[in-house]
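1. make a model of this:
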Amino acid sequence: MNNKQPKIPPIAPTSDHNAAQIANQVAAVVNAYNRNLNPDEEVGLMLTSFGQTITVNITGIGYVGTKLILFSGFLTSNNAPVELLQHVTQLNFLLISLKRENPQEEKKHIGFMRE
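-> Numbers count the residues shown, from 1 in each chain. So this is what the prediction gives:
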């Protein structure tokens, strides 16, 4: 990852905790972070709230209903597919850079999934 700060899009304050709006904002931040990575890197999520550290290679961000954010992807440890649901008031994760498995392919854009 290069050392410059990513240009994070401005996020309008919200107090209604609307999952669709928050999922769009999270996707914008994740993609801004991803654009700042070196060509041989891609964005991942590191989670530590499961009694162990889990790293997820993100492939999509969406929402379920009005209060749940959905992250989809696969575990970096064994490529198992995963989907993580988090309540909008409890979003807490660390964006990290991961080495791309196929650097010769076009860098992926994290897709937004609709309910």
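2. only C-alpha atoms for contact and neighbour calcs from this point on.
-> Noted.
3. tell me where the chain has strands.
-> For the chain, the strands defined by DSSP state E cover 41-47, 54-64, 68-75, 81-87, 94-99, 111-113.
4. tell me which of those strands lies nearest to residue 105.
-> Set against residue 105 and scored by C-alpha to C-alpha, the strands of the chain come closest in strand 41-47, at 11.7 Å.
5. same question for that closest one: list its buried residues.
-> Judged by neighbour count (16 or more other C-alpha atoms under 10 Å), strand 41-47 contains these buried residues: 41-47.
6. between those, which sits nearest residue 21?
-> Closest to residue 21, out of all of the buried residues of strand 41-47 and judged by C-alpha to C-alpha, is residue 45, at 20.0 Å.
7. ok, the residue lying closest to residue 54 once chain neighbours are set aside - contacts?
-> Spatially, and ignoring its direct neighbours in sequence, residue 54 is nearest to residue 47 (5.1 Å; C-alpha to C-alpha, 6 or more residues apart in numbering). Contacts for residue 47 (C-alpha atoms under 8 Å, 6 or more residues apart in numbering) come out as 53-56, 92-94.
8. hmm, 6 Å instead?
-> Going by C-alpha atoms under 6 Å, 6 or more residues apart in numbering, residue 47 touches 53-54, 93.
9. with residue 34 instead?
-> Residue 34 sits next to 42-43 when contact means C-alpha under 6 Å, 6+ apart.
10. need the pLDDT of it.
-> Residue 34 carries a pLDDT value of 88.
11. try residue 64
-> Listed pLDDT for residue 64 reads 92.
12. how many neighbours does it have?
-> For residue 64, the count of nearby residues is 17 (other C-alpha atoms under 10 Å).
13. against residue 36, how distant is it?
-> 29 Å (C-alpha to C-alpha, to the nearest Å).
14. likewise residue 94?
-> Going from residue 94 to residue 36 by C-alpha to C-alpha gives 15 Å.
15. same check on residue 82?
-> Distance from residue 82 to residue 36, by C-alpha to C-alpha: 25 Å.
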